[in-house]
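1. Take this sequence and fold it.
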Amino acid sequence: MKDDMQMMADEYDDAAGALQDEADAMLEVPKGKFSAAALNGLVKAFNKAMKAGGMEGDYPTFSSDQTAFPVEFVRGLAMLSDAAAESGSNIEITLSNVTSDRDVALLASKVDALANSPEFAQLMNGEGGETEVEVKVETSPEDLMMERA
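-> Alright, predicted model coming up:
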């Protein structure tokens with residue numbers, strides 16, 4: 001039984017990995033010349049936004065210049081972009097056309113603005129977006145008789 005469970009878990013992990021690879025292939029990964037200083041400004045804003053959204057903001061800083069954003073970082077930025085759109089904060093976060101330190105600085109300012117957005121905090125922390133609905137079910141004597149049959 002334990003071997004069957006382990007096999008199922010392994011198959012699930014393989015399938016999940018394949019799906020993640022497909023999703024990662026569709027991500028728009030910024031490529032260009034990015035200094036560690038510019039990237040670390042973005043990391044600071046990213047971590048701040050993650051914490052504001054109730055998640056861990058612990059993405060590591062860069063120790064060297066890069067020519068492309070790491071896929072894990074792009075995944076997180078894409079999630080913030082989706083959240084920005086859903087929150088109604090009027091902050092648009094896009095990764096297209098990010099090719100220079102100037103573009104990274106502009107992106108960092110947008111991510112920082114999102115981190116300070118009350119709409120983003122409400123969306124990510126589940127405040128205000130939920131409506132409580134009371135449902136009342138009435139039954140007739142006929143309904144009760146049908147249940148017993």
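2. any idea of the mean pLDDT for stretch 123-133?
-> Taken as a whole, stretch 123-133 has an average pLDDT of 63.
3. I'd like the secondary structure assignment at residue 67, please.
-> Reduced to three states with DSSP: H, G, I helix; E, B strand; the rest coil, the structure at residue 67 is strand.
4. Can you verify my assumption that it contacts residue 30?
-> No: here residue 67 does not reach residue 30: they are 9.8 Å apart, not a contact under C-beta atoms under 8 Å. Where you see a C-beta, it was placed from the backbone N, CA and C, and this is true even at glycine.
5. Who has more neighbours out of the two?
-> Neighbours per residue (other C-beta atoms under 10 Å) separate residue 67 from residue 30, with residue 30 holding more: 22 against 9.
6. And the pLDDT at the more buried one?
-> Model confidence at residue 30, given as pLDDT, is 94.
7. For it, which non-adjacent residue is closest in space?
-> If the residues on either side of it in the chain are set aside, residue 30 comes closest to residue 98, at 3.8 Å by C-beta to C-beta, 6 or more residues apart in numbering.
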